[in-house]
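Student: Only the shape, not the letters, is given here:
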């Protein structure tokens, strides 16, 4: 894959792709300092992201084409919105926000479930130059209050409730409590009512979505600078204070449009299904902005990969909407494999429209990768990116120059990302040598230019460790063919008697046992060796499990493939692993709890009771 190594080539390349989108004012330079004093891509360009995603698509003759397929097995409801219908709704909500005194540069918090109104809200903010911050629906009041105080929204948009499988989570009481706790008090709340739940409305502050929309006029899009912020998306910080990742308009639009063609091999009007949530970066990039900016149909799915109603949920969606590309976390397919290891559910559906499965968010272990390849009979593309980058750092670019795949690898860096492997002292390592993954500055379009109102933290978190480079926080290596392998977060590397070992590698080996559905290997404190690994494992459903045999097999495999130094201290059997709602396993939290260190349970945890179950199982095992 061609890499851009010279600065001038890089600038020429990114200027050459500015023709992909319509501008109010086309940029004359690729990169430079904007009015905010920071470096941005296309700093003198003017555009509007909502216009790109809606008006421009209608002007291209796609007005009657489907923009959104909304599918909600948890409410047993489905609908579809054409580009023309979506544009009308967004114009009205933009009018509503304007009438509530939301102006260009103001912030709006969106605290919504996976319903079309969430997308309408995001696009309406973009339309008037307001900055949205989507907070995952159902976040605890304290965490929501922290975000309200940090981004100081003028308006909050919410719904009466969200649904987790079969459980209703009322949002309005959580929001009311958050607004009681927060120092900053938003001026207005817009509430989308959902059936069968009464909510308390505060006169003068709370407004009903449907009533406002009924009398709303239409609002045209306003030009904004390429450097103006489109949204803030909070990600967990090491200090406990969430980091507000900022996405600017111009670079983001170019990156989204470019990636849909070059990485995902999409064409306008084809169907893209990102099985994520609008509260996460994948939802921002590939449920909302990229598919619509590129003129595709996007699937908005209010459900889970399993239990809504079964492990065939994704296959039904693919068949029903003729999905070409599915993008989800490896966790989703591990859950499907656990419940349906032989793929019986797949036989009920025709998924011939599916051309690719893309995986990201967690490391894709080779066993899950191979299982998905064998089952789906399509290319499975493991690609690697972060909330901060907004799109893939490394991927097999299926729309440009597909390469032979290697299980466990994110293939090669995407054009524009200059990825290096450095040791602790900043020396570049050779192929095969493991170290810290960094990206040479400048980061490509679409990546964060700063943190919201916190440039010092942006600098200290990402730029100061290796001057001239962005520190990804992940460890890995390039093999002899230049393929990039991600071994996990740097703090997932454990030190056993002076040997640095990757828990990710151990998890790959654990996954080779046919009884294991998924696992987490973590390093716990040891007086003699410093740290020793334990494996916390979940077995597949429907199997007769011999725990002693599995314990022996895993211990033998680890010793054989990594060495005696990596000998497992224990194998702990659990029913479920604690995860965030986006599917990341809480390895660091478990390690700190076991070691008796101070810890904080992430606000993004899916089900806190699972963490208690796992800790009980670990303690019981250690007592034996």
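Tutor: Received the coordinates, thanks. Please read these numbers as outputs of a predicted model, since none were measured by experiment.
Student: okay, and for the protein, where does confidence drop off?
Tutor: Within the chain, the segments meeting pLDDT under 70 span 1-6, 236-241, 491, 497-500, 624.
Student: so what are the domain limits for it?
Tutor: Residue ranges for the domains of the chain, per automatic domain parsing: 7-303+383-476, 497-623.
Student: Which stretches in the stretch 401-550 of the chain count as helices?
Tutor: 455-458, 503-510, 547-561 (DSSP state H, counting those that start in this stretch).
Student: To residue 267, which of the ones you listed lies closest?
Tutor: Closest to residue 267 of these is helix 503-510 (CB to CB; 35.1 Å). C-beta: built from backbone N, CA, C; applies to glycine.
Student: Mind giving me the packing neighbours of that closest one?
Tutor: If contacts are counted by 3 or more CB pairs under 8 Å, 6 or more residues apart in numbering; DSSP states H and E, helix 503-510 sits against strand 484-489, strand 516-526, strand 530-539, helix 547-561.
Student: rerun at 10 Å
Tutor: Packed against helix 503-510 by the contact rule (3 or more CB pairs under 10 Å, 6 or more residues apart in numbering; DSSP states H and E) you find helix 366-376, strand 469-478, strand 484-489, strand 493-496, strand 516-526, strand 530-539, helix 547-561, helix 587-595.
Student: Nearest to residue 570, out of those?
Tutor: The closest of these to residue 570 is strand 530-539. By CB to CB, the value is 4.6 Å.
Student: May I see the buried residues of that closest one?
Tutor: Judged by neighbour count using 16 or more other CB atoms under 10 Å, the buried positions of strand 530-539 are 531-539.
Student: Among the residues you listed, list the two that are farthest apart in space.
Tutor: The most widely separated members of these are 531 and 539, with 25.6 Å between them, by CB to CB.
Student: Could you give the separation of stretch 306-317 from the chain centroid?
Tutor: 21 Å (CA atoms, centre = their mean, to the nearest Å).
Student: which ones are touching residue 69?
Tutor: Under the criterion of CB atoms under 10 Å, 6 or more residues apart in numbering, the contact partners of residue 69 comprise 78-81, 271, 273, 297-301, 317, 320-323.
Student: What are the boundaries of the helices in the stretch 201-350 of the chain?
Tutor: Under the criterion DSSP H, counting those that start in this stretch, helices of the stretch 201-350 of the chain are mapped to 209-214, 249-262, 281-282, 290-294, 313-321, 330-339.
Student: deepest of the ones you listed, which one?
Tutor: The densest packing among these, expressed as mean neighbour count by mean count of other CB atoms under 10 Å, is seen in helix 290-294 with a mean of 27.
Student: So which elements touch that one?
Tutor: For helix 290-294, the contact count by 3+ CB pairs under 10 Å, 6+ apart identifies helix 49-50, helix 56-57, strand 66-72, helix 249-262, strand 271-274, strand 297-301 as packing neighbours.
Student: what helices or strands is the second one leaning on?
Tutor: When you say that, I think you mean helix 56-57. In this structure, helix 56-57 packs against helix 83-99, helix 290-294, with contacts taken as 3+ CB pairs under 10 Å, 6+ apart.
Student: winner for burial among those?
Tutor: The highest average neighbour count among the helices and strands packed on helix 56-57, using mean count of other CB under 10 Å, belongs to helix 290-294 at a mean of 27.
Student: Nearest to residue 306 among the helices and strands packed on helix 503-510 would be which one?
Tutor: The closest approach between residue 306 and any of the helices and strands packed on helix 503-510, judged by CB to CB, belongs to strand 516-526 at 11.3 Å.
Student: What residues of the closest one count as buried?
Tutor: Buried residues in strand 516-526, defined by neighbour count with 16+ other CB under 10 Å: 516-524.
Student: and which of those is nearest residue 391?
Tutor: residue 518 (26.3 Å).
Student: I'd like the distance between the closest residue in space to that closest one that isn't next to it in sequence and residue 572.
Tutor: Here the nearest residue to residue 518 in space, its sequence neighbours aside, is residue 334; by CB to CB, 6 or more residues apart in numbering that works out to 4.4 Å. Using CB to CB, to the nearest Å, we find residue 334 at a distance of 17 Å from residue 572.
Student: circling back: just the buried ones from the contacts of residue 69, in PyMOL syntax?
Tutor: In PyMOL, a selection of the buried entries from those looks like this (16+ other CB under 10 Å):
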select buried, resi 80+81+271+273+297+298+299+300+301+317+320+321+323
